[in-house]
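*Asks:* Provided below for reference: sequence and predicted model.
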Amino acid sequence: MSDTVSRDAALLAAGRSPVPLDAEAPVTDGSDDVLLLTSGAVVAHVLTPIGPHPIGRPSAPSLLALHGALAGAYDLCRYDPEPGTAMVVFSGEEARGVLFAPSEAGAAFRRLALGSVTTALREANATLVRFFDDVVPQPGWKPRPLSSSAPLPAPSPADPRRVRELFDAAGLDPASLPDLGLTERRIPAGGRLLSAGDPGDEAYVVAEGRLRVSMRIPGVGEEALAFLGPGEVVGEMALVDEAPRSADVVAQDGAATVFALPRAVFRRLLDEGTPGGAPLLGGIVVALVRRFEESIRKAATFRVLAGPF
């Protein structure tokens, strides 16, 4: 754990009494509260009609259930605490306010949120990639369409308007992006912006057009994870953990224009807590949370299609 992460968690938890969690009593995301793990760890599960399915193991310090406060998505996850786990709670209103705040607490929240949701998203996507290799159905069972008695979680496609509205509410003027160090790029229709497995040192803010984010899943083929429009962000995970690209991204339905955010600029805005960068970094957090919501809904779908085991 880095000193910065420890300091950020301590700053955010200051003045709040940690709540010890019972290892025998799972926590669900049934409200827009955001949970900050201050000690221990939990096993995260996506909820499905045929039971919970594990999608990761967040450990302290990390933020949980951001999708309730930032995407309005509830009752998706269950968290099973390990012994010695404790948390503090932020209301959804608090979380939304501090996310875009040009303050020391806002900078701490953004750093911790970016690290937490990036880790959770990578774990959820890894579950998708190896899903049908890990699941061993009962002998003779074959995947089949769901009956009406076992509905999938309600679909929640990425809505570019939601992210644009949050950017606008935070005061992010697209014209200010070059001043923050971003550069404009043009992708032709059908052109590839990112390829899974490649190294990455830039994220991109979509200015015009639409991008398709997809992943190759063994035994399934190409699976579209999201369609992104103006105001949304792609490629941000490689900036946070410097891991290879996890998905392919191409221009969909025509050419697209993006603003490239280099890693060096991202780190400066994030580490220095530059007030002018608060709306951009807050918007990146929202984009990541929406992506995480989509991935865990996809994991729920695959869990049901895989059947009993």
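*Replies:* Good, I have the coordinates.

*Asks:* where does the stretch 1-150 of the chain dip in pLDDT?
*Replies:* For the stretch 1-150 of the chain, the stretches flagged by pLDDT under 70 are 1, 129-150.

*Asks:* for the stretch 151-300 of the chain, same thing?
*Replies:* Ranges of the stretch 151-300 of the chain meeting pLDDT under 70: 151-174, 217-222.

*Asks:* quick one: the strands in it?
*Replies:* Secondary structure of the stretch 151-300 of the chain (DSSP state E, counting those that start in this stretch): strands at 183-187, 192-194, 202-217, 221-228, 233-234, 248-262.

*Asks:* render the CA-only coordinates of the longest one in PDB, please.
*Replies:* Provided in PDB are the C-alpha atoms of strand 202-217 (Å, rounded to 0.1, in the frame of the first residue of the first chain):
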ATOM      1  CA  GLU A 202      -3.000   7.700 -22.800                       C
ATOM      2  CA  ALA A 203      -6.700   7.900 -22.000                       C
ATOM      3  CA  TYR A 204      -9.200   9.600 -24.300                       C
ATOM      4  CA  VAL A 205     -12.200  11.900 -23.800                       C
ATOM      5  CA  VAL A 206     -14.700  11.500 -26.700                       C
ATOM      6  CA  ALA A 207     -15.500  14.800 -28.300                       C
ATOM      7  CA  GLU A 208     -17.500  13.700 -31.400                       C
ATOM      8  CA  GLY A 209     -18.800  10.400 -32.800                       C
ATOM      9  CA  ARG A 210     -19.200   7.100 -31.100                       C
ATOM     10  CA  LEU A 211     -16.700   4.300 -30.000                       C
ATOM     11  CA  ARG A 212     -17.400   0.600 -29.500                       C
ATOM     12  CA  VAL A 213     -15.600  -1.100 -26.600                       C
ATOM     13  CA  SER A 214     -15.300  -4.900 -27.100                       C
ATOM     14  CA  MET A 215     -13.500  -7.900 -25.700                       C
ATOM     15  CA  ARG A 216     -12.700 -11.300 -27.200                       C
ATOM     16  CA  ILE A 217     -14.100 -14.000 -24.900                       C
END
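
*Asks:* quick one: the strands in the stretch 1-150 of the chain?
*Replies:* 19-20, 27-28, 34-39, 42-46, 53-56, 62-64, 77-81, 86-90.

*Asks:* using JSON lines, lay out those together with mean neighbour count and distance to Ala278.
*Replies:* Every residue, glycine included, has its C-beta placed from N, CA and C. Formatted as JSON lines, the strands of the stretch 1-150 of the chain follow (neighbours: other Cβ atoms under 10 Å; distance: least, Cβ to Cβ, whole Å):
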{"stretch": "strand 19-20", "mean neighbour count": "13", "distance to Ala278": "29"}
{"stretch": "strand 27-28", "mean neighbour count": "17", "distance to Ala278": "29"}
{"stretch": "strand 34-39", "mean neighbour count": "23", "distance to Ala278": "18"}
{"stretch": "strand 42-46", "mean neighbour count": "23", "distance to Ala278": "28"}
{"stretch": "strand 53-56", "mean neighbour count": "21", "distance to Ala278": "28"}
{"stretch": "strand 62-64", "mean neighbour count": "23", "distance to Ala278": "17"}
{"stretch": "strand 77-81", "mean neighbour count": "22", "distance to Ala278": "27"}
{"stretch": "strand 86-90", "mean neighbour count": "20", "distance to Ala278": "17"}
